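Enquirer: Return a 3D structure for these sequence lines:
(4 chains)
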Protein chains: 4
Amino acid sequence: MSFRLEFSVRDYELDLQGIVNNSVYQNYLEHARHEFLRAKGLDFAALSNEGIDLVVVRAELDYKKPLRSGDRFHIDTAFRVIDRVRFAFDQSIVRNDDTLCMKAVIIATAMNARGRPSIPDGLIETLSAGE
Amino acid sequence: MSFRLEFSVRDYELDLQGIVNNSVYQNYLEHARHEFLRAKGLDFAALSNEGIDLVVVRAELDYKKPLRSGDRFHIDTAFRVIDRVRFAFDQSIVRNDDTLCMKAVIIATAMNARGRPSIPDGLIETLSAGE
Amino acid sequence: MSFRLEFSVRDYELDLQGIVNNSVYQNYLEHARHEFLRAKGLDFAALSNEGIDLVVVRAELDYKKPLRSGDRFHIDTAFRVIDRVRFAFDQSIVRNDDTLCMKAVIIATAMNARGRPSIPDGLIETLSAGE
Amino acid sequence: MSFRLEFSVRDYELDLQGIVNNSVYQNYLEHARHEFLRAKGLDFAALSNEGIDLVVVRAELDYKKPLRSGDRFHIDTAFRVIDRVRFAFDQSIVRNDDTLCMKAVIIATAMNARGRPSIPDGLIETLSAGE
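Expert: Model prediction:
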């Protein structure tokens, strides 16, 4: 079961080619992940203040079709565990005419206040709930 | 042989964790690629005006160590051909104390004015010159 | 009569102070203006393709209260004519608890394909309709 | 006496009009101010960690000429005191062919850890040194 968030392209996200700049997709994906966390009762900023920093360790982004001015789209986000210190978000960006625009795999970990990978107790269970 | 470009972190690129936001690395990498093109006598914006759009089709980004306020770093960019319609840039982001911060593989193609992958004659030769 | 658009803060818009970076407010304001145009039947990107570039010539931004992670807010946008070649958007950013976060005056003009200020016939009437 | 910093336009800063997006000028201006601070021995990020947040309260931005792909430019930044809790940076963005692209006045204050305007002892003297 995945989490869906609706978006629309904002013109400042376009570059001189008239398409959404390639870096902006990561903004979209991050926002979708943070809203996924929020839907699970977790707050990225509050976690960071408590010394738990969720960080991306690898991103694989397949750009299928560009987004343009006025496009409306949604992002589906699914969560899975990789190993003891890493988890992944499988995300897809789909334009409202059902065109797949991006497939992404984002691998992340949690860093404790000393900068070491360390996933707090309960985090995985909370993120996996309802999957 | 790779192309090197020097950078320093700008504070507006940091997020609430006090590290460079994960999307900003793609800004850095894109700027390094465009300066690589420029060093070869090619201009991204001029190409786009002529109807030749260089576009990213896949990005693989390994985040090794975060960049922080005040960090100075360089990006090394190397070019290679993958097949008839795709080429790759192998890029690394290295902080000035020699810490590897990111390894990236950016796979790209050229789109013609009709939106079809089509690499103009001579482009590969120009980009490969001196390698 | 003004045009209202709803927003929520996205975490990538925050800087190391944990507040929305001062440049991001202009992204918000621009998006609200472009949606205001769209509500009037005008499309910023299509106008640009036709050689009519709407450009900002002056921005006055009063930062009253910062926006933070999770904040929801709206922007009210009102249009008025200044003179033969300039018009203004009076915009305010209001957090959902009714706190005024920003007052802005954005003065703009239209440039024709030769880069001269020139407001196309009917543009002012369209933008003023319903005011 | 003002502080000068050199820049060049990066293509991801351009929007669909092929000019630097209006919000990006505030990124440039902020970076120039932070480097001005650094030249005075002050570090924006370190100050923030100590509970001293320098914040913009008003920005007046006059857009004179747009910056485009490949443009090189510099920003001159001068500091002046307004009153007991406010100071200003007068900044100009000048393209390398001596074209004035922007005049800006940025009014700022310092907030203490309780979010009240409060300028730490010595800050004004440090910023004014050499003026």
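
Enquirer: Name the residues of chain A found near chain B, please.
Expert: A:16-17, A:19, A:21-24, A:26-27, A:30, A:45, A:48, A:53, A:55-63, A:66 (CB under 8 Å from any CB of the partner chain). Backbone N, C-alpha and C define where each C-beta goes, glycine included.

Enquirer: pLDDT weak spots in chain A?
Expert: A:1, A:131 (pLDDT under 70).

Enquirer: now the helices for it?
Expert: Secondary structure of chain A (DSSP state H): helices at A:24-39, A:44-49, A:123-128.

Enquirer: what about the closest residue to residue A:112 other than its chain neighbours, how many neighbours?
Expert: Nearest residue to residue A:112 in three dimensions, chain neighbours excluded: residue A:118, at 4.2 Å (CB to CB, 6 or more residues apart in numbering or on different chains). Neighbour count for residue A:118, taken as other CB atoms under 10 Å in any protein chain shown: 14.

Enquirer: For residue A:60, which residues are in contact?
Expert: A:104, A:105, A:106, B:58, B:59, B:60, B:61 (CB atoms under 8 Å, 6 or more residues apart in numbering or on different chains).

Enquirer: Output the residues you listed as a markdown table; include the columns distance to residue D:110.
Expert: Output for the contacts of residue A:60, formatted as a markdown table (distance: CB to CB, whole Å):
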| residue | distance to residue D:110 |
| --- | --- |
| A:104 | 41 |
| A:105 | 43 |
| A:106 | 38 |
| B:58 | 46 |
| B:59 | 40 |
| B:60 | 43 |
| B:61 | 37 |
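
Enquirer: and which of those is nearest residue C:128?
Expert: Checking these against residue C:128 with CB to CB, the nearest one is residue A:104 at 43.7 Å.

Enquirer: so that closest one bridges to which residues?
Expert: Assessed by DSSP bridges, residue A:104 has beta-bridge partners residue A:61, residue A:91.

Enquirer: again with the one 5 residues further on
Expert: Bridge pairing for residue A:109 (DSSP bridges) gives the partners residue A:55.

Enquirer: neighbours around it, how many?
Expert: Other residues close to residue A:109 by other CB under 10 Å number 21.

Enquirer: Need the nearest residue in space to residue A:93, chain neighbours excluded.
Expert: Closest to residue A:93 by CB to CB, 6+ apart is residue A:102, at 4.1 Å.

Enquirer: is it true that the one you found touches residue A:73?
Expert: No. Using CB atoms under 8 Å, residue A:102 is not in contact with residue A:73, being 9.3 Å away.

Enquirer: Neighbour count: those two, which is higher?
Expert: residue A:102 (24 against 21).

Enquirer: list the contacts for that one?
Expert: Contacts of residue A:102 (CB under 8 Å, 6+ apart): A:25, A:61, A:62, A:63, A:64, A:91, A:92, A:93.

Enquirer: hmm, back to that, what's the closest of the contacts of residue A:60 to residue A:85?
Expert: residue A:106 (15.1 Å).

Enquirer: check contacts around the closest one.
Expert: So, once contact is read as CB under 8 Å, 6+ apart, residue A:106 ends up touching A:29, A:33, A:56, A:58, A:59, A:60, A:88, A:89, A:91.

Enquirer: Grab the nearest non-local neighbour of the residue located most distally from the centre of chain A.
Expert: What lies farthest from the middle of chain A is residue A:16; by CA atoms, centre = their mean that is 25.5 Å. Nearest non-adjacent residue to residue A:16, counting by CB to CB, 6+ apart: residue D:14, 4.4 Å away.

Enquirer: Okay, the one you found and residue D:100: tell me how far apart.
Expert: According to CB to CB, to the nearest Å, residue D:14 stands 20 Å off from residue D:100.

Enquirer: which one of these two has more residues nearby?
Expert: Taking neighbours as other CB under 10 Å, residue D:14 and residue D:100 compare with residue D:14 leading, 25 against 12.

Enquirer: re the thing from before, what's the overlap in contacts for residue A:102 and residue A:73?
Expert: residue A:93.

Enquirer: which ones are touching the nearest residue to residue A:86 once chain neighbours are set aside?
Expert: Nearest residue to residue A:86, sequence neighbours excluded (CB to CB, 6+ apart): residue A:109, at 5.3 Å. Going by CB under 8 Å, 6+ apart, residue A:109 touches A:54, A:55, A:57, A:85, A:86, A:87, A:117, A:119.

Enquirer: Which positions in chain A make contact with chain D?
Expert: Residues of chain A lying near chain D (CB under 8 Å from any CB): A:11, A:12, A:14, A:15, A:16, A:18, A:21, A:23, A:69.

Enquirer: so the first one touches residue A:67, yeah?
Expert: Same thing as residue A:11. No. Contact between residue A:11 and residue A:67 fails when scored by CB under 8 Å: they sit 11.6 Å apart.

Enquirer: still on that earlier bit, now for the contacts of residue A:60: which two are most distant?
Expert: A:106 and B:58 (14.2 Å).

Enquirer: what's the neighbour count on the closest residue in space to residue A:123 that isn't next to it in sequence?
Expert: Nearest-residue entry for residue A:123: residue A:110, 6.5 Å, with adjacent residues in sequence omitted and distances by CB to CB, 6+ apart. Residue crowding around residue A:110 was assessed by other CB under 10 Å; the count is 19.
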